[in-house]
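Participant: Need coordinates for the below:
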Amino acid sequence: MPDERTEARRRRIPEATVVRLPVYQRLLAELLRAGQPTVSSEQLAAMARVNAAKVRKDLSLLGSFGTRGTGYDVAFLIAQIERALGVGLDWPVAIVGIGNLGRALVNSEGFSSHGFRVVALFDVVESVVGHEVGPTVVHHIDRLPEVAAELHPSIGVIATPAGAAQEVADALVTAGVGAILNFAPKVLSVPSDVLLRYVDLSIELQVMSFYQSRRAEAGGAQVPPIRAFGLSLSPEGSAR
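Facilitator: Down below sits the predicted model:
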């Protein structure tokens, strides 16, 4: 019969929970570095700015790890969250667009520290193609099919101007890349079996400006944001 961990892997975990798991992992790692061996759902909830019931529900989707009266073993819980997130597996990454943003991504500690391995870089600018960024040589985008066939990137990162993003997405899909992280301010069209996520700084700034303007209209009073996970508390003490 399948064990509890196998059953946990089969459970459907909502996207909202998946988004919270890396934040829990980061907070738990801070507790572990501080020498704290256990944590209660209430303490973790306070640190993450969500309510304790939400923390317990999120973690229950991974399995039964808490002990009544004791809480969660911090090291064990980190291991379970990382297992669920696929940390420790090998995730080859190809980055397209080696401007300032692309270079920052190549040099980001967030890649190497979480199992992501930059294996290929692409651009169209002749002054960039053929040069190394970090330990990786930048290829012309025309070489994407052959390079992808050799290195098999699992994730493609688009850091190009908006006008080139759809063409790049098409090329990544054709090359067999099944997951795309898009930093370009462009809504993309990809097949339904391709995982697509957006990181749009302009949208985030517009969201901030919305709440700033509402705060100004309210005379400086706090305006509960729609989604404040890890950032600020609503008047009732839970993120919304």
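
Participant: I'd like the average pLDDT over the lengthiest strand in the chain.
Facilitator: If each strand of the chain is counted by residues according to DSSP state E, the longest one is strand 116-123. Mean pLDDT, computed over strand 116-123, is 95.

Participant: List the contacts of it.
Facilitator: Strand 116-123 is touched from outside by 90-99, 102, 106, 110-111, 129, 133-134, 136-141, 143-144, 147-148, 151, 153, 155, with contacts defined as CB atoms under 8 Å, 6 or more residues apart in numbering. Backbone N, C-alpha and C define where each C-beta goes, glycine included.

Participant: What count of nearby residues applies to residue 127?
Facilitator: The tally of other residues near residue 127 (other CB atoms under 10 Å) stands at 7.

Participant: which SS class is it?
Facilitator: Counting by DSSP: H, G, I helix; E, B strand; the rest coil, the backbone at residue 127 sits in coil.

Participant: From here on, call the first residue 17.
Facilitator: Understood, numbering begins at 17; the last thing we discussed is residue 143.

Participant: that older thread, which is the next helix or strand following the longest strand of the chain?
Facilitator: As assigned by DSSP states H and E, the chain's next helix or strand after strand 132-139 is strand 148-149.

Participant: For that following strand, which strands pair with it and how are they oriented?
Facilitator: Counting by DSSP bridges, the strands paired with strand 148-149 are strand 152-156 (antiparallel).

Participant: any idea of the mean pLDDT for the longest helix anywhere in the chain?
Facilitator: Longest among the helix segments of the chain by residue count, using DSSP state H, is helix 31-49. Averaging pLDDT along helix 31-49 gives 93.

Participant: quick revisit: what residues of the longest strand of the chain count as buried?
Facilitator: 132, 134-139 (16 or more other CB atoms under 10 Å).

Participant: if you skip the residues just before and after it, what's nearest to residue 193?
Facilitator: Nearest non-adjacent residue to residue 193, counting by CB to CB, 6 or more residues apart in numbering: residue 172, 4.2 Å away.

Participant: how many other residues sit next to that neighbour?
Facilitator: The number of residues packed near residue 172 is 28, by other CB under 10 Å.

Participant: Assess the claim that it and residue 107 are in contact.
Facilitator: No: in this structure, residue 172 is not within contact of residue 107 by CB atoms under 8 Å, at 11.4 Å.

Participant: residues contacting residue 45?
Facilitator: With contact taken as CB under 8 Å, 6+ apart, residue 45 is in contact with residue 94.

Participant: coming back round to it: and the contacts of strand 132-139, which of them are buried?
Facilitator: Counted by 16+ other CB under 10 Å, those give 107-114, 118, 122, 127, 145, 149, 154-155, 157, 160, 163-164, 169, 171 as buried.

Participant: Where does the closest residue to residue 36 other than its chain neighbours fall, secondary structure wise?
Facilitator: Distance criterion CB to CB, 6+ apart; nearest residue to residue 36, sequence neighbours excluded, is residue 74 at 5.7 Å. If you go by DSSP H and E, residue 74 is part of helix 68-76.

Participant: how about that helix: buried residues?
Facilitator: So, applying 16+ other CB under 10 Å, buried residues of helix 68-76: 68, 70-72, 74-75.

Participant: For this protein, just list every one of the strands.
Facilitator: Here the chain has its strands, by DSSP E, at 54-55, 88-89, 107-112, 132-139, 148-149, 152-156, 171-174, 195-198, 211-214.

Participant: Can you give the strand pairings for the first one, parallel or anti for each?
Facilitator: Going back to what we said before, that points to strand 54-55. With DSSP bridges as the test, strand 54-55 pairs up with strand 88-89 (antiparallel).

Participant: And for the partner strand, what's in contact with it?
Facilitator: With contact meaning CB under 8 Å, 6+ apart, strand 88-89 is reached by 53-57, 60, 75, 81-82.
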